[in-house]
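Undergrad: got a predicted model here, sequence first, then my questions.
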Amino acid sequence: MALINNNTTPLKNGVIYNLIYDSPKKNITELVINRSAILHHFPEGRQLEDSIAVFKEIYDYRSKLLHGTISPWDGKIPSIAEKAGEATRLVLLTGFNFYSAMYQKDPTPSLRKLKNAFHEEERKYSL
């Protein structure tokens, strides 16, 4: 498979990290939620607002757990963890598909090109 080789593996290039977080001057929470939602809503034609709601809920629970305002044994945690796992898998797969589509158009990938392609896609949304 052309996508996987010694120099251009998506994981080696930090594809997902660079798609989600590449602007330290912006609010990390907003970036993670909005950019994850963009990748999440593509495959099954979800409404972007629905995907944003999914990631807001996941991020809210993540923050509550991190800051100790909710117990890890709270009854809602298993369903949130399952939702987070499913959403994360979909974002990862969509990110790899995005990279693969870009790679098929231009077989000399770079992080700069990846960021530019994703920013071009992101501009289609008013987030």
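TA: Ah, there it is.
Undergrad: what's the pLDDT at the most centrally placed residue in the chain?
TA: Of all residues in the chain, the one closest to the mean position by C-alpha atoms, centre = their mean is Ser36, 3.4 Å from it. Here the pLDDT value assigned to Ser36 is 87.
Undergrad: beyond the helix or strand that contains it, next helix or strand please.
TA: Assigning secondary structure by DSSP states H and E places Ser36 in helix 28-41. Towards the C-terminus, the helix or strand next in line after helix 28-41, according to DSSP H and E, is helix 48-67.
Undergrad: ok, residues contacting that following helix?
TA: Residues external to helix 48-67 that are found in contact with it (C-beta atoms under 8 Å, 6 or more residues apart in numbering): 29, 32-34, 36-38, 40-41, 70, 72, 76-77, 80, 83-84, 87, 125. (Each C-beta comes from the backbone N, C-alpha and C, glycine too.)
Undergrad: next, the angle from the helix or strand just after that helix to helix 48-67.
TA: Heading C-terminal from helix 48-67, the first helix or strand you meet, by DSSP H and E, is helix 77-105. Counting by axes from the mean of the first three to the mean of the last three C-alpha atoms, to 10 degrees, helix 77-105 points 120 degrees away from the direction of helix 48-67.
Undergrad: quick one: secondary structure of Phe118?
TA: For Phe118, the secondary structure call by DSSP: H, G, I helix; E, B strand; the rest coil comes out as helix.
Undergrad: surely it and Tyr99 touch.
TA: No. Judged on C-beta atoms under 8 Å, Phe118 makes no contact with Tyr99 at a distance of 9.4 Å.
Undergrad: next, the buried residues of the helix holding Ser36.
TA: Leu31, Val32, Ile33, Asn34, Arg35, Ser36, Ala37, Ile38, Leu39, His40, His41 (16 or more other C-beta atoms under 10 Å).
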